[in-house]
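Participant: Need coordinates for the below:
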Amino acid sequence: MSAIFALLWTVSMLPHTIFWRNACYIVGACLGLYVIARNMSLLRQKAAAPIWIICGLFVWILFHYFFIGKNHSIQLDELSSIWKRAALGCVFAIGLGISIGSSARKLPWNIVAIGLFSPTLIYFIKFFCTFIAPAWGFLAPEYLTLFYSGGASTFYLPKVAYVFFCLPSLALALGMLLANLKSGGDAKYFILYVFIIFSVLGLFYFENIKNGFVYSLILLILFLISLIYGGLSRLTRRQWILIGFLISIIGISFIYHIKSNGSWRTLIADTKVAVQIDQNDAWKYGRYELFPKNEYGQTVSITNYERISWGAQAIRLIQENPLGYGLVASSFSLLTKEKWPDSSLVQSHSGWLDLTLGIGIPGVLLLIFAAVLAIQNASSLPMPWRIFGVWILVAILILFATTEVSQRVYVETFVWLVALVSALALPKAAQIKSGY
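Facilitator: Numbering: from 1, shown residues only. As a prediction, this is how the structure comes out:
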């Protein structure tokens, strides 16, 4: 089951892998159902609350389809794709979580950790095949190369895929590095965690992913706060030097990233203009020649202006549609076209806003509440699963803020990942309850 997780995490962001994804879900769900059937008592305890809340989310999705939804044909398509895979994934994840939580073996952890890092590894294999191998006379096949032409190739991967599937490995590495520093662990693992951190940051730098850098900075701040709170006096001189080196390199990469993206320097000024969505409607149609000027007399950054304006409009639409339109992927687009039929809007660029427009405030609250409870339960898990549960879910909760992840693979993965972290805590909770 750990191998299925690793394979599923590896192929989920890759195009043309739907067969492998479905195979992982079906086989994993069958195995998960067997484990659940043998451990039903674990689901009748307080620690299982996040899992039952996720079940409540599925009930809400069905209720929304029958009694609230506005576009039943497309909703039915999402029920038979996103929510079907999410349900199968939850059955698989619950079984996997119970199995791992009941075992003291290290092998599942190694397999899961490799699976989490595999998307980053795949990127650098493609990077090598695109920019280095041709100099040696090797021309890689299309699926092993990177494309920067906005999706001209069917193997093109959008930036959002790298953020969603690579940021968790960075979060995990930071969490494990923190634990390593506090416990005075093995230096070779220290180097491994630093290598993973630099690899993910390097990916974000090469792909110029602004969101990835922002989330990485947030996670790094959480890392430093936790390190200070845990007591700096425990660190050796060598560890201080390595931490200083780590922070310096990350700081330099952030500085270069900001310098190479002028939109950061005008972010506040552009925001002041972008929130005035009634004064200028260029954001509706992508008419760049009509974009307003900021307080510096410069035309607003396209990135800043559009995304902030879209977000402001999404908030207004949520107020008008608190129960949601019914679609995970395109509710923002369809709701805005009801107002402006010739608009070119697709998504608000915020996963939480788009998802709220899709499944409503009740649906999003169920998902967030389940995730928060899962994090709380995971905080009492033994290492390294404690780091896995807490840091990865925190990373995904954060990245949903300003990333357009209200789409098929990202939502379904997030749902069953919450179920996995929740299930990890069930065996230990049962042991505590029984007095062992």
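Participant: Average pLDDT for the longest helix belonging to the chain, rounded please.
Facilitator: In the chain, with assignment by DSSP state H, the single longest helix is helix 351-378. Averaging pLDDT along helix 351-378 yields 95.
Participant: nearest spatial neighbour of I74, skipping sequence neighbours?
Facilitator: Closest residue to I74 apart from its sequence neighbours, by Cβ to Cβ, 6 or more residues apart in numbering: L327 at 5.7 Å. C-beta here means a position set from N, CA and C on the backbone, and glycine is covered the same way.
Participant: Then P382?
Facilitator: P382 sits nearest to K428 (Cβ to Cβ, 6+ apart), 7.5 Å away.
Participant: Can you tell me how far the one you found is from R386?
Facilitator: As judged by Cβ to Cβ, to the nearest Å, K428 and R386 stand 11 Å apart.
Participant: list the residues that contact both of those two?
Facilitator: Overlap of the contact sets of K428 and R386 (by Cβ atoms under 8 Å, 6 or more residues apart in numbering) consists of S380.
Participant: Which of the three states applies to the residue nearest to I74?
Facilitator: coil (DSSP: H, G, I helix; E, B strand; the rest coil).
Participant: Test my guess that T17 contacts V11.
Facilitator: Yes: assessed by Cβ atoms under 8 Å, T17 is found in contact with V11 at 4.1 Å.
Participant: Between the two, tell me which one has more neighbours.
Facilitator: V11 (20 against 17; other Cβ atoms under 10 Å).
Participant: Dihedrals phi and psi, the more buried one?
Facilitator: phi -90, psi -20 (degrees, to the nearest 10).
Participant: same thing with D278?
Facilitator: Torsion angles at D278 (phi, psi; degrees, to the nearest 10) stand at phi -90, psi -20.
Participant: go on, K293?
Facilitator: Dihedral angles (degrees, to the nearest 10) for K293: phi -100, psi 150.
Participant: Please list all residues in contact with the closest residue to it other than its chain neighbours.
Facilitator: Spatial nearest neighbour of K293, chain neighbours left out: T299 (5.6 Å); criterion: Cβ to Cβ, 6+ apart. If you count contacts by Cβ under 8 Å, 6+ apart, T299 has them with F291, P292, K293.
Participant: Tell me the most packed of the residues you listed, by neighbour count.
Facilitator: F291 (21 neighbours).
Participant: Which residues are in contact with it?
Facilitator: Going by Cβ under 8 Å, 6+ apart, F291 touches N280, A282, T299, V300, I302, Y305.
Participant: Quick check: the residue nearest to P382 is in a strand.
Facilitator: No: applying three-state DSSP, one finds K428 to be helix, outside a strand.
Participant: what's the neighbour count on it?
Facilitator: Residue neighbour count, defined by other Cβ under 10 Å, stands at 18 for K428.
Participant: show me the contacts for it.
Facilitator: G101, S380, L381, P382 are the contacts of K428 under Cβ under 8 Å, 6+ apart.
Participant: Nearest to K159 among the residues you listed?
Facilitator: Nearest to K159 among these is L381, at 32.0 Å by Cβ to Cβ.
Participant: Check whether that closest one sits in a helix, strand or coil.
Facilitator: L381 ends up coil, using three-state DSSP.
Participant: For Y34, list the residues it contacts.
Facilitator: G95.
Participant: try it again with 10 Å
Facilitator: Listed by Cβ atoms under 10 Å, 6 or more residues apart in numbering, the contact set of Y34 reads G95, S99.
Participant: And it, how far from S12?
Facilitator: From Y34 to S12 the distance is 23 Å (Cβ to Cβ).
Participant: that older thread, can you point out the buried residues in the longest helix of the chain?
Facilitator: Residues 351-360, 362-364, 366-375, 377-378 are the ones in helix 351-378 that count as buried (16 or more other Cβ atoms under 10 Å).
Participant: Same check on stretch 141-160?
Facilitator: Going by neighbour count (16+ other Cβ under 10 Å), the buried part of stretch 141-160 is T145, L146, F155, Y156, L157, K159, V160.
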